[in-house]
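# Sequence and predicted structure are below.
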Amino acid sequence: MDKLKRVLSGRDAEEPSGLAEVIDSTSLGWGTRVKGFIACFAIGCLCSVLGSCLLWIPKKGLILFAVFYTLGNIASIGSTLFLMGPMKQLKRMFEPTRLIATTVMLLCLILTLCSAFWWRKAGLALLFCILQFFAMAW
């Protein structure tokens with residue numbers, strides 16, 4: 001279990017005791033990280049499902065869908081920040097093997113909101129949401 005904690009927190013190798021003490025005193029505890037991950041992931045899933053349900057509301061449904069679905073995806077991505085930490089998350093997202101998927105996902109997040117707020121094209125918003133899903137799964 002300790003090895004899993006070190007890997008997820010970004011500390012694969014053993015560190016000098018002084019540096020390890022500083023890192024441990026300034027970071028969240030393992031239990032707090034897991035609770036934050038679960039809470040943030042649950043909120044993300046709830047927002048995505050709520051956005052899908054709000055799609056069918058006349059007139060404002062598209063905007064509500066785009067906002068809630070995008071917020072749900074952002075919260076889901078943010079949930080892993082609790083496990084890895086923000087810097088390691090960003091480094092992993094922009095590794096050469098994940099760079100295309102990260103770029104497509106971030107671009108689709110923005111284009112989903114643009115197609116809902118400015119262009120008001122339901123088909124484009126749905127297409128960009130599907131592309132968000134596939135980019136995150138990739």
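Sure thing, it's come through.

# Next secondary structure element downstream of the worst-scoring helix or strand of the chain on mean pLDDT?
Lowest by mean pLDDT, DSSP states H and E among the helices and strands of the chain is helix 17-26, with a mean of 53. Using DSSP states H and E, the next helix or strand after helix 17-26 towards the C-terminus is helix 30-54.

# Just the C-alphas of stretch 84-93, formatted as CSV.
Taking Å, rounded to 0.1, in the frame of the first residue of the first chain, the C-alpha atoms of stretch 84-93 are listed here in CSV:
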residue,chain,number,x,y,z
MET,A,84,-1.4,12.9,-8.2
GLY,A,85,-1.0,16.5,-7.4
PRO,A,86,-1.4,19.4,-9.9
MET,A,87,2.1,19.5,-11.3
LYS,A,88,2.4,15.7,-11.9
GLN,A,89,-1.1,15.8,-13.5
LEU,A,90,-0.1,18.6,-15.9
LYS,A,91,3.2,16.9,-16.7
ARG,A,92,1.4,13.6,-17.5
MET,A,93,-1.3,15.4,-19.5
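
# How about it, which residues are buried there?
With burial defined by 16 or more other CB atoms under 10 Å, the residues of stretch 84-93 counted as buried are 84-85, 88-89, 93. Backbone N, C-alpha and C define where each C-beta goes, glycine included.
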